[in-house]
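> pasting a predicted model and its sequence here:
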Amino acid sequence: MKNPDLIFINVMKTVFLNLFMATAFFASATIITVDNNVNSPADYADLQAAHDAVAEGDTIYVAGSQTTYGILYVTKKLVLIGNGFNPENGMRTELLSINFEIDTSIIRV
């Protein structure tokens, strides 16, 4: 019969190793912001330019706007987050179209 303390220690080692590896993986991803509103402190005003600048696996957060972001050609795997639509102030994250030029196995809207 195995010692319960040794089992606990082995389980904790596995948990901490997995957490460390996950943290190292996600820590390498960059998060950038896109906002086409005037005088915005975002990293980019143009969504396609932001896409072209990021590396695969990075995250792009798109702010709400009263102006569309136009057409996006996605050529790499990334996380794209928009805040949706707020009917109280008319702000929305809107694209005319998204064209995927990669194997897209997961798309969440």
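Looks like it came in fine. Everything quoted here is computed from the prediction, not taken from an experiment.
> grab the nearest non-local neighbour of residue 31.
Taking Cβ to Cβ, 6 or more residues apart in numbering, and ignoring the residues beside it in sequence, residue 31 has residue 59 as its nearest neighbour in space, at 4.4 Å. Heads up, the C-betas are built off the backbone N, CA and C, glycines and all.
> what bridges to the one you found?
For residue 59, the residues forming beta bridges with it (DSSP bridges) are residue 31, residue 79.
> give the contact list for it.
Applying Cβ atoms under 8 Å, 6 or more residues apart in numbering, we find residue 59 in contact with 29-32, 78-81.
> so which of those is the most crowded?
When neighbours are taken as other Cβ atoms under 10 Å, the top entry among the contacts of residue 59 is residue 80 (20 neighbours).
> go ahead and confirm it touches residue 58.
No - between residue 80 and residue 58 no contact is recorded; they are 9.9 Å apart, counting by Cβ atoms under 8 Å.
> in stretch 51-68, what counts as buried?
If you call a residue buried by 16 or more other Cβ atoms under 10 Å, then stretch 51-68 has these buried ones: 51, 54, 58, 60-65.
> of these, which is the nearest to residue 41?
Sorting these by how near they are to residue 41, with Cβ to Cβ, puts residue 63 at the top with 10.0 Å.
> perfect, I'm done here.
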